[in-house]
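S.K.: Okay, sequence plus prediction incoming.
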Amino acid sequence: MIKVAPSILSADFANLAQEIHSMTENGADYVHVDIMDGQFVPNISIGIPVVAAVAKVSAIPLDVHLMIDRPLRYTEAFCKAGANILTFHVESDTPENIRKALELTRELGVRPAISVKPGTPAQAVLPYLELCSMVLVMTVEPGFGGQKFMADMMPKLRTIANYIKDRNLDCELEVDGGVGAETFRTCVENGANVLVAGSAYFKSTDPKSFVDLLHKGI
């Protein structure tokens, strides 16, 4: 089954609670929450208090994507704020600390996930794959919304899909960046089963039909 995770980075923050409710009504599976710190990526977005607020009004799980430096420092806080999935970038800290963050997330009852930037090879996820409930492949450079989909990331996506299949792991494979009506099929064909959509969802004239289209996966 294909899952859809609208990214609130493109939402109307003045009406965020209503945006969250609409996601549920439109059939979304996850609320994708992008956290940026101005260090790991150039932009700054939101933090722990907003995650806690969203968790209070959301009827669907929070897929929290940490684009922050040394995320182990905040792992427990984001878990306790209401994250259901917590994603760490493999590039954001030492291998030892990334492993600790994933293990702590699992201990706190939250699903741990790992993400790779476009310039990072598929092999970078291998040391962590057994610890993860999800792998996120970025199909744009992290830190900015509305970027063009990078089709040259599909071989990496397929390689990671094969890693997961070969090891028979219960691990979802997510793509984030430029995913829309014109690009989602190639993601699904290459193994993705969770699609993050920001601009494409929130700018759609019929978000429910858009979610239904992505759910079909073809």
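M.R.: Perfect, I can see it now. Numbering: from 1, shown residues only.

S.K.: contacts for the lowest-mean-pLDDT helix or strand in the chain?
M.R.: Least confident helix or strand of the chain, by mean pLDDT, DSSP states H and E, is helix 199-202 with a mean of 93. Outside helix 199-202, the residues that touch it by Cβ atoms under 8 Å, 6 or more residues apart in numbering are 4, 6-7, 10-12, 19, 28, 145-146, 179-181, 207, 210-211. Just so you know, the C-beta spots here come from the backbone N, C-alpha and C atoms, and that holds for glycine as well.

S.K.: In PyMOL, how would I select the buried members of those?
M.R.: Filtering the contacts of helix 199-202 down to the buried ones (16 or more other Cβ atoms under 10 Å) takes a single PyMOL command:
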select buried, resi 4+6+7+10+11+19+28+145+179+180+207+210+211
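
S.K.: with the contacts of helix 199-202 in mind, which one is nearest to residue 162?
M.R.: Distance to residue 162 across these (Cβ to Cβ) is lowest for residue 179, with 20.8 Å.

S.K.: State the next helix or strand along the chain beyond the least confident helix or strand of the chain.
M.R.: Counting by DSSP states H and E, the next helix or strand C-terminal to helix 199-202 is helix 207-216.

S.K.: beta partners of the most centrally placed residue in the chain?
M.R.: Against the mean C-alpha coordinate of the chain, by Cα atoms, centre = their mean, the closest residue is residue 65 at 5.2 Å. For residue 65, the beta-bridge partners are residue 34, residue 87 (DSSP bridges).

S.K.: List just the nearest of the contacts of helix 199-202 to residue 99.
M.R.: The closest of those to residue 99 turns out to be residue 7 (Cβ to Cβ; 26.7 Å).

S.K.: before we move on, back to that, of the contacts of helix 199-202, which pair is most distant in space?
M.R.: 12 and 181 (21.2 Å).

S.K.: pLDDT score for the residue nearest to residue 108 when sequence neighbours are not counted?
M.R.: Among residues not flanking residue 108 along the chain, residue 79 sits closest, at 4.1 Å (Cβ to Cβ, 6 or more residues apart in numbering). On pLDDT, residue 79 comes in at 98.

S.K.: Give me the three-state assignment for residue 79.
M.R.: What DSSP: H, G, I helix; E, B strand; the rest coil gives for residue 79 is helix.

S.K.: same check, this time on residue 63
M.R.: Once three-state DSSP is applied, residue 63 turns out strand.

S.K.: Contacts only, for it.
M.R.: 5, 30, 31, 32, 33, 84, 85, 87, 174, 194, 196.

S.K.: Appreciated, that's everything.
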